[in-house]
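Trainee: could you look at this predicted model? Sequence included:
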Amino acid sequence: MRRAISLVFLSHGLVAGSWSTRIPWIQEHLGLSATTLGLVLLATAGGSIIGLLAAGPLLARLGARNATAVLVPIYCLTLGLPALSPSLPFLCLALVCYGAAAGASNVAVNAEASGVQKAAGQPIMTRLHGMWSVGMLAGAGAGALAATFQVGAPLHLGAVAVLTAGAAALAARSLPVRPDAGVPGRGLALPSRPVLAIGLLAFCSSFAESSVVNWSGIYVRDVTGADAVAAALAYVAFACTAAASRLGSVAVIVRLGIVRTVRAGALTGLAGGLLVVLAPVTWVAALGFALIGLGLATVVPQAFSAAADAAPSPGEGVSGVAMLTLFAGLGGPTLFGAVADAFSPRVSFLLVTGAVAAIALAAPVLRPRVSAPVPVHV
């Protein structure tokens, strides 16, 4: 059961990592300017919102396991659509489809993971997100190799799409059936107060993470004078510690509990943020980014898990948190850039550090709720 859901997360991450490396090919193939490409990529975000809104009703009708078995393979297959687009309008439509499948499948797989976690009796959600990170890194690495050897994006992304869709479909169908299909859902209802509180915690984490992902290289270049290689390694430090933290989180959560683990992680991230703000040289900033990755890695996975328990149905809770993290991921880098232009990059990173401090204060909203055991039928 755990191996099956791990393979689904791995496949999901492979798709995301593969897509990110071939965006330059898409731009060159269609002759898009940087401004046009930036606007076109917003279609992915728009599609994600559509997928997130549709996910709750879909899960209420199908159940998390069946929705995962359908939506994740569809998401994998949509990876090939952008590379096959002959023109800008078709690319926009392809990205809307890709984003919608990404948003809906994200909710389904996290809702299903919440059920697997209950059945396993261990806090494995963060480890599953670690498998997603491993998949993303592997997909990015394979994509870089494909680009190096001048393998066209249609062949590369098409092959990844078919292989990951097949693997995800087989893995999802081997998951046990639980009696969660047909749980009444509230359609497009606003998140409940507990889910909103959990979502705001996840919002802070996503804001901090997206800012690091998008601005870490530019930050060390402008603030500490790093060259291109050192700037890239600053992000690598963050990504590696985040993946390692997620993969090794189960024992820590079992020992400390979710609230203390998240609070300790946030304090670690806070120390990292202060190092970045005060960094006189590049390696100090890179150490700060590594501490942020180490500290924040458990927050969003545990927020999904807590929201699935706090809402009337798992899909409703997960989709509410996913929507807030999406908005943070879209708005965080934009706000960071605006503050950096108005003041300085160091001041921008004070905002990130403040968001991490808020996580430490609000960690108790993730306290597990007592619920009856969920029977599993194999």
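Mentor: Good, I have the coordinates.
Trainee: how about low-confidence regions in the stretch 151-300 of the chain?
Mentor: The stretch 151-300 of the chain contains residues with pLDDT under 70 at 178-190.
Trainee: V15 belongs to a helix?
Mentor: Yes. Under DSSP: H, G, I helix; E, B strand; the rest coil, V15 falls within a helix.
Trainee: tell me who's in contact with it.
Mentor: Y75, C76, L79, G135, G139, V160, A161, T164 (Cβ atoms under 8 Å, 6 or more residues apart in numbering). Just so you know, the C-beta spots here come from the backbone N, C-alpha and C atoms, and that holds for glycine as well.
Trainee: could you rerun that using 7 Å?
Mentor: Counting by Cβ atoms under 7 Å, 6 or more residues apart in numbering, V15 makes contact with Y75, C76, L79, G139, V160, T164.
Trainee: elements contacting the helix or strand containing V96?
Mentor: Secondary structure assigned from DSSP states H and E places V96 in helix 88-120. Judged by 3 or more Cβ pairs under 7 Å, 6 or more residues apart in numbering; DSSP states H and E, helix 88-120 is in contact with helix 2-21, helix 34-62, helix 64-78, helix 81-84, helix 125-148, helix 299-310, helix 314-342.
Trainee: angle of the helix or strand following the last one against helix 314-342?
Mentor: Spelled out, it's helix 314-342. Sequence-wise, the next helix or strand downstream of helix 314-342 (DSSP H and E) is helix 345-362. Helix 345-362 runs at 150 degrees relative to helix 314-342, counting by axes from the mean of the first three to the mean of the last three Cα atoms, to 10 degrees.
Trainee: so what touches helix 345-362?
Mentor: Contacts to helix 345-362, defined as Cβ under 7 Å, 6+ apart, come from residues 201, 204-205, 207-208, 211, 219, 222-223, 262-263, 266-267, 269-270, 273-274, 276-277, 296, 299, 336, 339-340.
Trainee: just how off-centre is it within its chain?
Mentor: 19 Å (Cα atoms, centre = their mean, to the nearest Å).
Trainee: how far off helix 299-310 does it point, in degrees?
Mentor: 40 degrees.
Trainee: and helix 345-362, which residues are buried?
Mentor: Buried residues in helix 345-362, counted by 16 or more other Cβ atoms under 10 Å: 345, 348-353, 355-360, 362.
Trainee: farthest pair in those residues?
Mentor: P345 and A362 (26.2 Å; Cβ to Cβ).
Trainee: contacts made by stretch 320-332 with the rest, please.
Mentor: 45, 48-49, 52, 103, 106-107, 191, 195, 198-200, 202-203, 206-207, 210-211, 300, 303-304, 307, 311.
Trainee: typed the wrong thing, it's stretch 158-173
Mentor: 4, 7-8, 11, 14-15, 18, 68-69, 72-73, 76-77, 79-80.
Trainee: can you show me the CA trace of the helix or strand hosting A251 as PDB?
Mentor: Here A251, judged by DSSP H and E, is contained in helix 249-256. Below are the C-alpha coordinates for helix 249-256, written out as PDB (Å, rounded to 0.1, in the frame of the first residue of the first chain):
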ATOM      1  CA  SER A 249      10.500  12.900   8.800                       C
ATOM      2  CA  VAL A 250       8.500  10.000  10.000                       C
ATOM      3  CA  ALA A 251      10.800   9.100  13.000                       C
ATOM      4  CA  VAL A 252      11.000  12.700  14.000                       C
ATOM      5  CA  ILE A 253       7.200  13.200  13.900                       C
ATOM      6  CA  VAL A 254       6.600  10.000  15.800                       C
ATOM      7  CA  ARG A 255       9.000  11.100  18.500                       C
ATOM      8  CA  LEU A 256       8.100  14.800  18.800                       C
END
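Trainee: other residues contacting it?
Mentor: With Cβ under 7 Å, 6+ apart, helix 249-256 has contacts from Q122, P123, I124, T126, R127, T261, A264, T298.
Trainee: how about stretch 68-76?
Mentor: 8, 11-12, 15, 101-102, 104-105, 108-109, 112, 161, 164-165, 168-169, 172-173.
Trainee: in PyMOL, select just the buried ones from those residues.
Mentor: To isolate the buried ones among the contacts of stretch 68-76 in PyMOL, judged by 16+ other Cβ under 10 Å, type:
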select buried, resi 8+11+12+15+101+102+104+105+108+109+112+161+164+165+168+169+172
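Trainee: just name the most buried of the helices and strands packed on helix 88-120.
Mentor: Ranked by mean neighbour count under mean count of other Cβ atoms under 10 Å, those are led by helix 299-310, which reaches a mean of 27.
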